[in-house]
Each structure stands twice: as C-alpha cells, then as structure tokens.
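*Asks:* What would the 3D arrangement of this be:
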Amino acid sequence: KSDGVVKSIVLRKINSTVMSLIPDDITITARQVWQTLSSLYEQNDISLQYSIRNQIRGLCMKGAPNTEKYVAAHTAANERLARMGAHPSNSDAIYALLRGLPVERSSVVYLI
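*Replies:* Okay, the predicted model is just below:
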C-alpha cells in the first residue's frame, strides 16, 4: 500500500512527456519508477549539460533570506555537472555565483 502512495506522489510530480517514458503497468513499483527517472536524468549527454549550465546562469538570489537556498542550488548543479564528467572550473563557479547576487550586493562583487 505504501508503495502505491509513493508511486502516485512521484507520478504526480512529473510532466506528461516524462510520464510517457514510464511503463504503463499497474505492477510497476515506486522503486522501478524512480530507477527509470534516475537513468533518464543522470545521462551524460551534452544537451543535459547545456541545460544545467543554463540553469546555473539563470539563478538569482532574491535577498538575504534566500542566501542558503541560492548557494545550495549552485552547489547541487555544479556537483551534478561534475558527476557527469563536466567539471566546472572554480573561477566559473564563483563568477556564476557572484553574477546572480542582487543589485544591492554589487559592492561585494566589486571588492572581489
């Protein structure tokens, strides 16, 4: 029963394009759904790397309360690129992090 609940939560959170890649079988378990999604999203293809790099470029810190979430999003995306073998340089990671700071933090960027 709990497997069915977990499976329904996972399936509700994915879009219809990705849903079409999941086997439409009542006997498939939540673990099998998760493994299918994992294999899909852990690919090392260039288009996925490009997408992650664009995601990093689009990150913006919304204010001081958002700092931890902002840094965590950068860290997670850079770690994902590293797992794919596309290790971002430290200077690129720092530049992207600074670039997304709000305008009121621009003095920090100028100091660095």
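
*Asks:* The spatially most central residue of the chain and residue 38, how far apart?
*Replies:* Centroid check for the chain by CA atoms, centre = their mean gives residue 77 as the closest residue, at 5.4 Å. Going from residue 77 to residue 38 by CB to CB, to the nearest Å gives 17 Å. Every residue, glycine included, has its C-beta placed from N, CA and C.

*Asks:* residue contacts, residue 31?
*Replies:* By CB atoms under 8 Å, 6 or more residues apart in numbering, residue 31 lies in contact with residue 3.

*Asks:* Make 5 the starting number, not 1.
*Replies:* Yes, from this point I'll number from 5; that puts the last item at residue 35.

*Asks:* Which strand or helix spans it?
*Replies:* Using DSSP states H and E, residue 35 falls within helix 34-45.

*Asks:* Okay, angle between the helix or strand just after that helix and helix 34-45 too, please.
*Replies:* Next helix or strand after helix 34-45 toward the C-terminus (DSSP H and E): helix 50-62. Computed by axes from the mean of the first three to the mean of the last three CA atoms, to 10 degrees, the angle separating helix 50-62 from helix 34-45 equals 90 degrees.

*Asks:* Restrict helix 50-62 to CA atoms and write it as PDB.
*Replies:* Presented in PDB, the C-alpha positions along helix 50-62 are these (Å, rounded to 0.1, in the frame of the first residue of the first chain):
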ATOM      1  CA  ILE A  50      25.700  17.300 -24.000                       C
ATOM      2  CA  SER A  51      22.200  18.700 -24.100                       C
ATOM      3  CA  LEU A  52      21.600  17.900 -20.400                       C
ATOM      4  CA  GLN A  53      24.900  19.600 -19.500                       C
ATOM      5  CA  TYR A  54      23.900  22.600 -21.600                       C
ATOM      6  CA  SER A  55      20.600  22.700 -19.800                       C
ATOM      7  CA  ILE A  56      22.200  22.600 -16.300                       C
ATOM      8  CA  ARG A  57      24.700  25.300 -17.300                       C
ATOM      9  CA  ASN A  58      21.700  27.500 -18.400                       C
ATOM     10  CA  GLN A  59      20.000  26.700 -15.100                       C
ATOM     11  CA  ILE A  60      23.100  28.000 -13.300                       C
ATOM     12  CA  ARG A  61      23.200  31.200 -15.400                       C
ATOM     13  CA  GLY A  62      19.600  31.800 -14.500                       C
END
